[in-house]
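Asks: Here is a sequence together with a model predicted from it:
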Amino acid sequence: MRRIAVRLLLAVLVALTAALTGPGATARAAVPDSPAVTYTNPIAEQRADPHIVRHTDGYYYFTATVPEYDRIVLRRATTLQGLSTAQEVTIWTKHTSGVMGAHIWAPEIHFIDGKWYVYFAAGATDDVWAIRMYVLEGTGANPLTATWTEKGQISTAWESFSLDATTFVVGGVRYLAWAQRNPAEDNNTSLFVARLANPWTITGTPAEISRPTLSWETVGYKVNEGPALIQHGDKVFLTYSASATDANYCLGMLTASSTADLTDPAVWSKSSSPVFRSNDATSQYGPGHNSFTVSEDGGSDLLVYHDRSYKDITGDPLADPNRRTRVQKLYWKADGTPDFGIPVADGVTPQRFSSYNVPDRFVRHWEYRARVEADVSPLADSQFRVVTGLAGSGTVSLESANFPGYYLRHRNFEVWLEKNDGTAQFASDATFHRRAGLADAAGVSYESYNYAGRYIRHYDYLLYVQTPSTATDRADATYYAQ
C-alpha cells in the first residue's frame, strides 16, 4: 500500500506540474549549480603545504614546500590537472647565511592591489628553528617571470616561532591569519588573526582565536597551524591543521559570521572533532595544511591538501619527503556548513548522483543496499568513482569511495554494494553503459551491461535494474552527477 501511495502522489505531482507549465511540459528538476568535476590524484609528488589560486587571467598558480626546504617554486596551468605536468620555476632561493637561510616552508601566493605577494616561513643558518614569517613582492603579469623583492619579516606581538601566514578579505577588510608560539602557553603554536595595513604590515593588536587543547590537536605536538579560509553564505570557515605531521595530522575548523570582527576571539567557534583525517580504507594518511580553490567551471569549491600514501614513517616526519599534493571536491550541507568527507583513494576522484525527480536525494549505500536518500551521512556513502567497466572497455563500473574494491551490482535485479569477487558474473552484474539521461539529456542513466534495456532506477527509494516504460520510470532512472 505504501508503494502504491507514493506512486500515486508522484503521478499527481507530475500531472499538476504539467498543468501549471502548459501543454507538453514535463516535470523536471533543475540541473545542479555544482555539476561533477573529477581529477586524478596525486596532483604533484613530493610537494607539501600546497597553495593553489585561480587568477583572473584564467591560470591556476601553484606553490608548495619542496622537501629540500631551500627554495620557492611556482607552476601555472589553465587546468588543475595540468599543474601535474606544468613547468616548475624557482622564483626565490634561500639566503646563503643569516635569516631566511633555512627551513623555507609553506609558501602562499596572492594577488593584492595589482601586485603578487608570496608569504612564507624561514629559519636562519645559525638557528634553523628560528622560524619567522616573510613576504616577497612581485611585479609583472605572470608571477613565474615577475621581478621579486623582499619586503622583510612580518612583525607580530612576539619574536617567537611563527609560520603559515595566509591573507583574505571578509567584509571589505583584509586580514592576516597565522600560527605562532605564545610564550605564555605550554604548546607549540596557536592561531592568530590581525588586520593588515598593507600586505606585509599588521595593524592593531593580534587576536588569538584558537589554541591546541583537544586530544586530537595534541598528538605528538600541541599544534594549531596552517590556517585557510573559505566563505559560504553568511559564514566563514577557517580550517587548520593539528598534531604532529605524521598520520595523526588532521584538519580542524573554526566558524564565524561573515559580518563579525574576525579579530574578536569570541566570534569564533571550534569543531569538537576533526573535519578531515587519515583513512585506512583509502590508504591516505596525515591529510592537512590545506588551501581552497575553485573548479574550472567555477561551480565547485575544491579542497587542496597534502598527505602520504602510507602510515608508518621511519625517523622524523619532516625528513620524509613523500607528502603529495591532492585535490577533491568540497560539498556543502543543507545548513550551509562544509562536508569534507574522507581523503579519497589515489586515482580518479568520486562523484555523487542526485535523483532527477527527487533532487534532494542522492544515491548511497546503507548496510550495502543501494538507495536514494537525503542528508547523507557520512558523505562518502554517497560517493562513487566512475571507472572502466569490469566487463570491458566502453562501459563503466561504480566503485564505492569509502569501500574501495566494492561496486554497485545488481543481484536478482536489486542493486547492492558488494566486493568484487573476481568472477565473470560479478563483472557483468557490476558493469553498465553510461547513457544520456532518459528524462533529461543533461543527466545520466546507467543501462545494465548484461540485461539490455534495464536501467538503474529508484522505486520506493530503493535501487533496482528495471525496464523503464513510462515517463515516471524514465525519471526514476535519471540522475545528475555532482
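Replies: Structure received.
Asks: How about the contacts made by the residue nearest to residue 409 when sequence neighbours are not counted?
Replies: Closest residue in space to residue 409, ignoring its immediate chain neighbours: residue 430 at 3.7 Å, by Cβ to Cβ, 6 or more residues apart in numbering. (Glycine included, C-beta is placed from N, CA and C.) Applying Cβ atoms under 8 Å, 6 or more residues apart in numbering, we find residue 430 in contact with 390, 391, 397, 398, 407, 408, 409, 418, 420.
Asks: Same question for residue 297.
Replies: Neighbouring residues of residue 297 by Cβ under 8 Å, 6+ apart: 35, 37.
Asks: Which strand or helix spans the closest residue to residue 263 other than its chain neighbours?
Replies: Leaving aside its chain neighbours, residue 263 sits nearest to residue 207 (4.3 Å; criterion: Cβ to Cβ, 6+ apart). Using DSSP states H and E, the element containing residue 207 is strand 201-210.
Asks: repeat for residue 36
Replies: Judged by DSSP H and E, residue 36 forms part of no helix or strand.
Asks: May I have the residues that are in contact with it?
Replies: 329, 351, 352, 481, 482.
Asks: let's see 10 Å
Replies: Residue 36 makes contact with 295, 299-300, 329, 349-353, 386, 444, 480-482, according to Cβ atoms under 10 Å, 6 or more residues apart in numbering.
Asks: Of the residues you listed, which is the nearest to residue 261?
Replies: residue 300 (30.3 Å; Cβ to Cβ).
Asks: measure the closest one to residue 371 for me?
Replies: 25 Å (Cβ to Cβ, to the nearest Å).
Asks: On the three-state scheme, the closest residue to residue 320 other than its chain neighbours is what?
Replies: Spatially, and ignoring its direct neighbours in sequence, residue 320 is nearest to residue 313 (5.0 Å; Cβ to Cβ, 6+ apart). The three-state label given to residue 313 by DSSP: H, G, I helix; E, B strand; the rest coil is coil.
Asks: circling back: mind listing the residues bridging to the residue nearest to residue 263?
Replies: residue 193 (DSSP bridges).
Asks: Does it touch residue 262 like I think?
Replies: Yes: proximity of residue 207 to residue 262 meets the contact threshold set by Cβ atoms under 10 Å, at 7.9 Å.
Asks: Look up the residues that both of these two are in contact with.
Replies: Shared contacts of residue 207 and residue 262, defined by Cβ under 10 Å, 6+ apart, comprise 175, 177, 193, 194, 195, 268.
Asks: Report pLDDT for the third one.
Replies: For residue 193, the model assigns a pLDDT of 98.
Asks: what's the burial count for it?
Replies: 26 (other Cβ atoms under 10 Å).
Asks: ok, now how distant is it from residue 127?
Replies: The value you get for residue 193 to residue 127, if Cβ to Cβ is used, is 27 Å.
Asks: Check the last one too.
Replies: With the distance defined as Cβ to Cβ, residue 268 ends up 33 Å from residue 127.
Asks: Settle it for me: which of these two has more neighbours?
Replies: Neighbours around residue 268 and residue 127, counted as other Cβ under 10 Å, are more numerous at residue 268. The numbers are 19 against 12.
Asks: Tell me who's in contact with the more buried one.
Replies: 191, 193, 207, 209-210, 236, 238, 254-257, 260, 262.
Asks: what's the answer for residue 115, then?
Replies: Taking Cβ under 10 Å, 6+ apart, we find residue 115 in contact with 137, 138, 139, 140, 143, 146, 199.
Asks: One more: residue 278?
Replies: Contacts here follow Cβ under 10 Å, 6+ apart; on that basis residue 278 touches 246-250, 284-288, 307-308, 311, 342-343.
Asks: try 8 Å this time
Replies: Here residue 278 is in contact with 247, 248, 249, 250, 284, 285, 286, 287, 307, 311, 343 (Cβ under 8 Å, 6+ apart).
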